[in-house]
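Student: Could you work out the structure for the sequence below:
(chains A, B, C and D)
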There are 2 protein chains.
Amino acid sequence: MNLKQLSQHLKLSQTTVSRALNGYPEVSENTRSRVLKAAQDLNYRPNIRAKGLATGRALAIGHVIPVSTQHEMVNPVFGDFIAGAGESYAKAGYDMMLTLVPDQEEARTYQDIRSRGTVDGIIVHGPVINDERIALLSRIGLPFVVHGRSTDVNLPYSWIDVNNRGAFERGTQFLIELGHRRIALLNGLEHMDFAFRRRKGYETALRNNGLSVDASLMRSEEMTEVYGYRAAREMLARSETPTAFVCSSIITAIGVRRAIHDAGLVLARDVSIITHDDALSYLQNGDDVPIFTALRSSVRYAGREAAEMLLSLIAVPKSAPKTRLLEADLIIGRSTGPAAT
Amino acid sequence: MNLKQLSQHLKLSQTTVSRALNGYPEVSENTRSRVLKAAQDLNYRPNIRAKGLATGRALAIGHVIPVSTQHEMVNPVFGDFIAGAGESYAKAGYDMMLTLVPDQEEARTYQDIRSRGTVDGIIVHGPVINDERIALLSRIGLPFVVHGRSTDVNLPYSWIDVNNRGAFERGTQFLIELGHRRIALLNGLEHMDFAFRRRKGYETALRNNGLSVDASLMRSEEMTEVYGYRAAREMLARSETPTAFVCSSIITAIGVRRAIHDAGLVLARDVSIITHDDALSYLQNGDDVPIFTALRSSVRYAGREAAEMLLSLIAVPKSAPKTRLLEADLIIGRSTGPAAT
DNA sequence: CGCACAATTCAAAGCGCTTTGGAACCGGTC
DNA sequence: GACCGGTTCCAAAGCGCTTTGAATTGTGCG
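Tutor: Numbers count the residues shown, from 1 in each chain, chains lettered A, B, ... in the order given. The predicted structure is shown next:
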């Protein structure tokens, strides 16, 4: 069933039917309702490719996920983020398009996306420090919103991000106030912008309290369980052990907890953990009482908001970049306590 | 830069340029290389919408993710699955389209997808027992591959699945051979087909060994950490505690481990755990020595294969359904030991 | 009743590509 | 020199939709 058939069936022109369907004013209410009814009955759906060709809009948003050949990891945050974004798209009648990009081919790929005309805008995931994609996309002129920010990029661009620095400063401060002095940081890979900012926050809190920044208490790796376990195990075997850990991911925190148990220590009493928590639906941090004391910020919410920002950017062509900084909540769970003396 | 401009630039007709670009034989090698060079230099990319309109193919595959309004959970497996599928699509020049479908609107949505013509085929995620979508899609005539199967559906259809039943039978058998008699099952929601099959496997192993199936040792819920924790905690507080747990997810297994620790027991010595492991990139089950004894099957690999099955289904129009059963590996980790006597 | 003007409706062009059905050209053959 | 088959190229139609510009119908008023 296409427009032509539908209009023949109704004995109207394609023009009129098209207008009736798309809510243009120059068609009488009478015919409009006739058309809508027929469309409903005959199960008519406009062909989106043809529509796109005619209007020049794709009615789709692209999500570009960098796939590093070195670290094969799929960002666990991704599922929840697109679930959030998907809600916004569904409401607006947009489709969501996914592209996996091997990191060597980035420049080419964005050009491709632009000229193939499959999407009206894109969401950029996983920004690194001084991310080249931002300049590239600005140059190309494809609307985009970054999930995160990129330190050292000076162009104006649209982004939505958690206040990573503030959150980690706050979390570290919280531990210091509990009497902790040797606080370890198990961070993500620090070429990633979010991880870089988190370290800054952690260091700021230490310095503000006259504590020295000890490189031997800092790690930066892909945030797996095993990473948390290994790092904590090694640190807890020293003569001077850390009394608290700040983790960039709940998964890493789980590894740390395992190391603590293995060492015969008790969480919160002997060693404290505070972690960032993206509020992932399948990795919830307990329920009424959180397992881990955490800096929580829903990535699903971020997805929803990012999508809406992008859609409004697309709706108003030459609009100025939008930015949005989300604050993480510090929620107290069962993983922190006063420093053992 | 479009075809018309390119052909004018080359002083050739659009026909010839199009043919040269798409590798048709009726164009001399000479002009072909001229065309290719010009396309390269001028950075020409065919508009995919126009191409789709003209050929009737969308060059895109849809992934439809059911979003239940009750359980807000995003399947954690999803990220890895599409990472795998994405690899296959990239090679074949296909795009990947995501659609989130609230479960009430399923029927309408698939119809929509079909008639909007955005995709050439779809991958069906999260099949339940007697899943209606399979009949629906067969009727509509849209090529599809199910990730999983659906018990009680009698039509032929294409699927790729892990041998869930066999795996859980084997895992349970393994525990029985270690001397365990009271073995708990912490399963996923059992209207999901995979969970249903896993229970069957578990029960089969018990029966084969003359053990009774004890409903009080079986749970069926969304596979979170807290679920594992709660269920294990409750069971371990009984007078007759289970000596081993079979879990449907590594996340749940982590919760069980926490409960074991909290109860002052030691994993493997006092209580054993065996779990299904989807080999998720961000939730790896240890490295050299796995943390959990597990039934492992890479969901990323499944994604890659599912995509390839679907592409070949699309390439050969009336082809018969393809099916593929993957076997899970039983890998021995540090979470199992002989039953405490 | 006839006219101006608004309210409806329509035919046709165009979006960028593929593909059909020929046309033009080439060297070789009788 | 006419003819032929093969090679190389082209004009034009068509995919399903939107949108421009024009035609048709309806309405109010002098």
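
Student: The stretch 1-150 of chain A against DNA strand D: which residues are in contact?
Tutor: The stretch 1-150 of chain A has residues A:2-4, A:14-15, A:18-19, A:21-22, A:45-47, A:50-51, A:53-55 near DNA strand D, with proximity defined as Cβ under 7 Å from any atom of the strand. Backbone N, C-alpha and C define where each C-beta goes, glycine included.

Student: let's see 10 Å
Tutor: A:1-7, A:13-22, A:24, A:26, A:28, A:44-57 (Cβ under 10 Å from any atom of the strand).

Student: Make a PyMOL selection of whichever of those residues turn out to be buried.
Tutor: With 16 or more other Cβ atoms under 10 Å in any protein chain shown as the burial test, the buried ones among these are selected in PyMOL as follows:
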select buried, chain A and resi 3+6+7+16+17+18+19+20+21+44+45+46+47+48+49+50+51+52+53
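
Student: Could you pull out the buried residues of the least confident helix or strand in chain A by mean pLDDT?
Tutor: Within chain A, judged by mean pLDDT, DSSP states H and E, the helix or strand with the poorest mean is helix A:106-116; its value is a mean of 83. Residues of helix A:106-116 classed as buried: A:106, A:109, A:110, A:111, A:112, A:113, A:114, A:115, A:116 (neighbour count, 16+ other Cβ under 10 Å).

Student: Let me have these in TSV, extended by distance to residue B:193.
Tutor: Output for those, formatted as TSV (distance: Cβ to Cβ, whole Å):
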residue	distance to residue B:193
A:106	39
A:109	36
A:110	39
A:111	43
A:112	38
A:113	36
A:114	41
A:115	42
A:116	37
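
Student: so which of these are also by chain B?
Tutor: Taking Cβ under 8 Å from any Cβ of the partner chain, the overlap between the buried residues of helix A:106-116 and the neighbourhood of chain B is A:111, A:112, A:115, A:116.

Student: Look up how far residue A:157 lies from the closest residue to chain B within the stretch 101-250 of chain A.
Tutor: Here the stretch 101-250 of chain A gets closest to chain B at one residue, residue A:115, 3.7 Å apart by Cβ to the nearest Cβ. When Cβ to Cβ, to the nearest Å is applied, the distance between residue A:115 and residue A:157 equals 21 Å.

Student: So which of the ones next to chain B among the buried residues of helix A:106-116 would count as near DNA strand C as well?
Tutor: Answer for these near DNA strand C (Cβ under 10 Å from any atom of the strand): A:115, A:116.

Student: nearest to DNA strand D, of the ones next to chain B among the buried residues of helix A:106-116?
Tutor: Proximity to DNA strand D was ranked across these by Cβ to the nearest atom of the strand; first place goes to residue A:116, at 16.1 Å.

Student: How much space separates the residue lying closest to the closest one once chain neighbours are set aside from residue A:49?
Tutor: Computed as Cβ to Cβ, 6 or more residues apart in numbering or on different chains, the closest residue to residue A:116 that is not its neighbour in sequence is residue B:48, at 4.5 Å. Between residue B:48 and residue A:49 the computed distance is 8 Å (Cβ to Cβ).

Student: got it, and residue A:320?
Tutor: Here residue A:320 is placed at a distance of 32 Å from residue A:49 (Cβ to Cβ).

Student: same check, this time on residue A:21
Tutor: Here the distance between residue A:21 and residue A:49 works out to 17 Å (Cβ to Cβ).

Student: likewise residue A:201?
Tutor: From residue A:201 across to residue A:49, the span is 47 Å (Cβ to Cβ).

Student: Let's verify the nearest residue to residue A:107 once chain neighbours are set aside: helix, strand, or coil?
Tutor: The shortest distance from residue A:107 to any non-neighbouring residue, by Cβ to Cβ, 6+ apart, is to residue A:136 (6.1 Å). Here residue A:136 takes the helix state, with states given by DSSP: H, G, I helix; E, B strand; the rest coil.

Student: Quick check: residue A:136 touching residue A:110?
Tutor: Yes - applying Cβ atoms under 8 Å as the test, residue A:136 and residue A:110 come out as touching, 5.7 Å apart.

Student: Tell me, how many residues neighbour the closest residue to residue A:155 other than its chain neighbours?
Tutor: Distances taken as Cβ to Cβ, 6+ apart place residue A:138 nearest to residue A:155, at 5.6 Å, with adjacent residues excluded. Here the neighbour count serves as a burial measure; for residue A:138 (other Cβ atoms under 10 Å in any protein chain shown) it reads 15.

Student: Wait, residue A:138 touches residue A:158, no?
Tutor: No - with contact defined as Cβ under 8 Å, residue A:138 does not count as touching residue A:158 (10.3 Å).

Student: and chain A, what are its domains?
Tutor: Here the domain parsing of chain A from automatic domain parsing is A:3-46, A:60-162+A:300-326, A:164-298.

Student: and stretch A:75-90, how far from the chain's centre?
Tutor: Centroid separation between stretch A:75-90 and its chain, computed with Cα atoms, centre = their mean, to the nearest Å, is 8 Å.

Student: How about stretch A:219-238?
Tutor: 25 Å.

Student: Span of that stretch from start to end?
Tutor: With Cα to Cα, to the nearest Å as the measure, stretch A:219-238 spans 16 Å from end to end.
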